[in-house]
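Q: 3D, please:
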Amino acid sequence: MTDVAETESVPTPDSPEELKLAAEFPEASRDQWRELVAGVLRKSGAIDESFDGLPESKLVTRTYDGLEIQPLYTAEDAVDGTGFPGLPPFVRSARPEGTVTTGWDIRARYARRDAKATNAAILADLEGGVSSIWLRAGATGVPVADLGDALNEVYVDLAPVTLDAGEEYEAAANELFALFAEREIPASAVTATLGADPIGSAARTGSPRPLAPAAALAARVAVSHPKVRTIVADGLPFHEAGGSDAQELGATIAAGVAYLRALTEAGLDVDTAAGQLEFRLAATADQFLTIAKFRAARRLWARVTEVSGGESAGMRQHAVTSPAMLTQRDPWVNMLRTTLACFGAGVGGADAITVLPFDAAIGQPDAFSARIARNTHAVLLEESKLAGVIDPAGGSWYVENLTEELAKAAWREFTAIEAAGGIEAELASGALAARLAETWEKRSKRLATRRDPITGVSEFPNLTEKTVVRDAVEDLPDGGLPRHRYAEAFEALRDRADAHPSRPRVFLATLGPVAAHTARASFAANLFQAGGIEAVNPGAPQDIIAEFRASGTKIACLCGSNTSYAEEADNVAKALKEAGATSVLLAGKPGDHPDVSGYLFTGCDALEILTGTLNELGVQ
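A: Below you'll find the predicted structure:
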């Protein structure tokens, strides 16, 4: 019988044709695209026939650093100089293999004072896939003397420990080293991060901390425990103070430079000193800015080490899902936020990632939230194969441009800090705090006007949600840079409303047929609920005034079409006031109506309206 392989071999062409993915489609030009964009913008009313500018200018978005994000990037926007993974400037990865072989380090945080409870949580997480431990110790965590109990039955040679002991970093380090010795782990094999961060402590407390003791500890550790890192340059204080991505990067790099100086003064060469540092940065739900942040950070640090006279070094990065973006209200949405943040940090090439549990803004995580946090990693690594490609965003014209522009903005911030005397001087003078506060003010305005929406809080709130109760978190150091959460202002209004003896209410006076008022009634109801105020909506009432009297409130909001406003708004508003309404609002802003007290529209200051409404309703 003839072998099939001999008679049905696949022919191989001598010169294979070039594969052109777009060959079946007519070639498109940027001008054609602009024409289509202009047509859509005219239909939406964003431009009119007299507009003679570039239509894409209406679609540009700007970050808090002033970076302009274009709606379209093409090969004309290609960026050179990104290099290769594991080689300077390390944009694409600090290691040649990226995280392909091992995935990123899954690092969980523990912040309880009780050593036994901490130990139980650590063991459960390690069994569930966590690969390293971020342990708060000292005044705001496990007592230093109880570190052994917290790490009981933990194979610390397999699950590295990162300490966070504040001012007690040296005592915690000594206790950890004693534990290694007790378990007969050779000093040459010990892997850990001691977490000394006097600059971060100064940023948190407002009190300067000397760098020399931390540098002296690092100098000793570099000799005795070559795989241990002593110092963390933490960007979270700058992020939580409201800072932009470039401000966080610039300040963190400046802290790294201050540590580099202190370490070399303690006797270490530049390369050894750089190896003593780990950098901690926030990862947010803005996945592309997060990707760009971690790529840009490596570029910045490579430049620092290069000009410092050492071998250009890759940055060791620890990503933490942003505490500032977490909400106390509808906390389940935090699962989605942290998934996006973890995705961005993973794609951006972070070495270790901590997914904060969805209830972290409320209190201590329970077993369920800890499980969801670690399974977020599992889904992205094991099911989505996210670490299976080195720098998966590399080559994207958008991501490469964003990385480049963010790196430039962060370098400007860094050099401004250096010109002012360095990060310690900037913290002591309050100059850095003032710049961060300025950015927070801009962010607060965008949050208040819901241009930066917060799902479950400022958008689509749930007034009937069940309260999530957790054990309280230990008091954290304060006195320095403030800690902000983006949802805090709206949640404060919700707390006010919930504490009132009865749910505050606003009557929606809907005008015209259902189709004419549905959109604006939904908009108004969503806005009021963001402040904990129930929107009483009778649909299409036969007698608006009678329905208003029965609603038990003294504030009404007109909801209808522009046509119905022109025909009915003035008369209905006047009648509502005669019926006892102290304020009559209007959803939209068409024309001027003398009996209308205020207007609700896209971009209005929702916080101002909600605060005024609660005050008027007597809600303390």
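
Q: Where in this protein is the helix or strand with the lowest mean pLDDT?
A: helix 4-7 (a mean of 41; mean pLDDT, DSSP states H and E).

Q: following it, which helix or strand comes up?
A: Following helix 4-7 in sequence order, the next helix or strand is helix 30-44 (DSSP states H and E).

Q: For the following helix or strand past that next one, which outside residues touch it?
A: Scanning forward in sequence from helix 30-44 by DSSP H and E, the next helix or strand is strand 61-62. With contacts defined as Cβ atoms under 8 Å, 6 or more residues apart in numbering, strand 61-62 is touched by E68, I69. Where C-beta positions appear, they are placed from N, C-alpha and C, glycine not excepted.

Q: Quick one: name whatever helix or strand follows strand 61-62.
A: Per DSSP H and E, the first helix or strand lying C-terminal to strand 61-62 is strand 68-69.

Q: Who are the packing partners of that next one?
A: Counting by 3 or more Cβ pairs under 8 Å, 6 or more residues apart in numbering; DSSP states H and E, the packing neighbours recorded for strand 68-69 are strand 61-62.

Q: What is the distance between the strand it packs on and the centre of its chain?
A: On the basis of Cα atoms, centre = their mean, to the nearest Å, strand 61-62 sits 17 Å off its chain's mean C-alpha point.

Q: cool, stretch 109-126 as well?
A: 25 Å.

Q: any idea of the mean pLDDT in that stretch?
A: Stretch 109-126 carries an average pLDDT of 97.

Q: Pull out the buried positions in that stretch.
A: 109-115, 118-119, 121-122, 125-126 (16 or more other Cβ atoms under 10 Å).

Q: Between these, which sits nearest I417?
A: Nearest to I417 among those: R109, at 27.9 Å, using Cβ to Cβ.

Q: so that closest one sits in a strand?
A: Yes. Under DSSP: H, G, I helix; E, B strand; the rest coil, R109 falls within a strand.

Q: Quick check: bridge partners of the residue lying closest to it once chain neighbours are set aside?
A: Leaving aside its sequence neighbours, R109 sits nearest to W134 (Cβ to Cβ, 6 or more residues apart in numbering; 4.4 Å). Judged by DSSP bridges, the bridge partners of W134 are R109, T162.

Q: quick one: contacts for W134?
A: With contact set as Cβ under 8 Å, 6+ apart, W134 has these partners: R107, A108, R109, Y110, T162, D164, T354.

Q: Just list the residues touching the fifth one, thanks.
A: Spelled out, that is T162. R107, S132, I133, W134, L135, A192, T193, G195, V232, E278, H318.

Q: Next, count neighbours for D592.
A: If you count neighbours by other Cβ atoms under 10 Å, D592 ends up with 8.

Q: wait, E488
A: E488: 16 neighbours (other Cβ under 10 Å).

Q: With E167 instead?
A: Neighbours around E167, by other Cβ under 10 Å: 17.

Q: so who does A218 touch?
A: A218 sits in contact with A196, T230, I231, L263, A266, L268, A273, Q276, where contact means Cβ under 8 Å, 6+ apart.

Q: I'd assumed Y169 was in contact with the first one.
A: Same thing as A196. Yes. In this structure, A196 is within contact of Y169 by Cβ atoms under 8 Å, at 4.2 Å.

Q: neighbour-wise, which of those two wins?
A: Counted by other Cβ under 10 Å, A196 and Y169 do not tie: A196 has more neighbours, with 30 against 26.

Q: got the phi/psi numbers for the more buried one?
A: Main-chain dihedrals, A196, degrees, to the nearest 10: phi -70, psi 130.

Q: Cool, thanks, talk later.
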